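In: take this sequence and fold it.
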Amino acid sequence: MERDIAARAERNGTSVSDEAKGLLGKAMLSSVQPSDKPARSAWDVLRPILVDETDEFADMMEEIEAERKKDFGLPAENEE
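Out: Numbering: from 1, shown residues only. A predicted model of the protein is given here:
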């Protein structure tokens, strides 16, 4: 194995220790289990940015809708 690493290092123009570090790093990354990192969907990441948890907008729209239902426009003019 040492000779293989030395041959790779010579081919790649790196030192044996740098080549060994690179190989160890790749091995460590490939051995990471999916359960080691919690999977988050894109929505889970974007939701705090896009959604107002206080529902301030929904409350405001309900108030506007309630006022709209009360407003029937100007009273009709009497023609006499």
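In: so, low pLDDT: which residues of the chain?
Out: Where the chain drops to pLDDT under 70, the residues are 32-37, 52-53, 79-80.
In: repeat that with 90
Out: Scanning the chain for pLDDT under 90 picks out the ranges 1-2, 5, 8, 26-60, 67-80.
In: just the element for the closest residue to N12 other than its chain neighbours, please.
Out: Spatial nearest neighbour of N12, chain neighbours left out: E19 (6.5 Å); criterion: CB to CB, 6 or more residues apart in numbering. (C-beta placed from N, C-alpha, C; glycine too.) E19 belongs to helix 16-30 when assigned by DSSP states H and E.
In: quick one, phi psi at the residue nearest the centre of the chain?
Out: With distances taken as CA atoms, centre = their mean, the residue of the chain nearest its centroid is V45 (2.9 Å). Dihedral pair for V45: phi -80, psi -40, per degrees, to the nearest 10.
In: quick one on the thing from earlier: the residue nearest to N12 touches A7, doesn't it?
Out: No. In this structure, E19 is not within contact of A7 by CB atoms under 8 Å, at 9.3 Å.
In: which one of these two is surrounded by more residues?
Out: E19 (20 against 12; other CB atoms under 10 Å).
In: so what's the more buried one up against?
Out: Residues in contact with E19 (CB atoms under 8 Å, 6 or more residues apart in numbering) are I5, A6, R8, A9, N12.
In: can you give me how far stretch 42-55 is from the chain middle?
Out: Chain-centre distance of stretch 42-55: 10 Å, with CA atoms, centre = their mean, to the nearest Å.
In: hmm, back to that, quick one: buried ones out of the contacts of E19?
Out: A9 (16 or more other CB atoms under 10 Å).
In: and the contacts of E19 as JSON lines, adding secondary structure and distance to E67?
Out: Shown next, in JSON lines, are the contacts of E19 (DSSP: H, G, I helix; E, B strand; the rest coil; distance: CB to CB, whole Å):
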{"residue": "I5", "secondary structure": "helix", "distance to E67": "76"}
{"residue": "A6", "secondary structure": "helix", "distance to E67": "80"}
{"residue": "R8", "secondary structure": "helix", "distance to E67": "74"}
{"residue": "A9", "secondary structure": "helix", "distance to E67": "76"}
{"residue": "N12", "secondary structure": "helix", "distance to E67": "72"}
